[in-house]
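1. model the structure of this input:
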Amino acid sequence: QVQLVESGGGLVQAGGSLRLSCAASGRTFNIYAMGWFRQAPGKEREFVAVIRRSGSYIKYADSVKGRFIISRDNAKNTVYLQMNSLKPEDTANYYCAADPVNFGVVVAGYRYWGQGTQVTVSS
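-> Below is the predicted model of the structure:
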């Protein structure tokens, strides 16, 4: 099993920045990909960004490309999401996800999930 704990959410004004962290524990050697998803009230959970264990491949949703940066520190079993130029439409609960096999943009493709951290962007 793998446990994921997110941190770093909060309230920020439009145009501001936040850095989310996701610390993994347990059978972390099993993790192939780690990603971020988000879910706004009344909407489905959607893909934000994903990174392979080696860091050799990264993918972003079009809505965050150029503003968000995903990175990982394997020594700390932690993945980060640097969010810049935040917009009110980025307001959501942000979830960290990990999987031992899959690397993709589909929610169902991830086995392990954190509890989420709330990001609120005011206009």
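2. next secondary structure after the strand or helix carrying Ala49?
-> Ala49 belongs to strand 46-52 when assigned by DSSP states H and E. Next along the chain after strand 46-52, taking DSSP H and E as the criterion, comes strand 58-60.
3. pLDDT (mean, whole number) over that next one?
-> What strand 58-60 shows for mean pLDDT is 96.
4. for that strand, enumerate the helices and strands it packs against.
-> strand 46-52, strand 68-73 (3 or more Cβ pairs under 8 Å, 6 or more residues apart in numbering; DSSP states H and E). C-beta: built from backbone N, CA, C; applies to glycine.
5. closest to Arg111 out of these?
-> Smallest distance to Arg111 across the helices and strands packed on strand 58-60 (Cβ to Cβ): 13.7 Å, for strand 46-52.
6. that closest one pairs with which strands, and in what direction?
-> Strand pairing for strand 46-52, determined by DSSP bridges: strand 33-39 (antiparallel), strand 58-60 (antiparallel).
7. list the buried ones in that strand?
-> 47-52 (16 or more other Cβ atoms under 10 Å).
8. any chance of TSV for those residues, columns pLDDT and distance to Thr117?
-> Shown next, in TSV, are the buried residues of strand 46-52 (pLDDT from 0 to 100; distance: Cβ to Cβ, whole Å):
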residue	pLDDT	distance to Thr117
Phe47	97	17
Val48	98	12
Ala49	97	15
Val50	96	17
Ile51	95	18
Arg52	92	23
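9. dump those to CSV, plus distance to Asn30.
-> Shown next, in CSV, are the buried residues of strand 46-52 (distance: Cβ to Cβ, whole Å):
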residue, distance to Asn30
Phe47, 21
Val48, 22
Ala49, 21
Val50, 16
Ile51, 16
Arg52, 14
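10. pick the one among those closest to Arg27.
-> The closest of the buried residues of strand 46-52, once distances to Arg27 are taken by Cβ to Cβ, is Arg52, at 17.5 Å.
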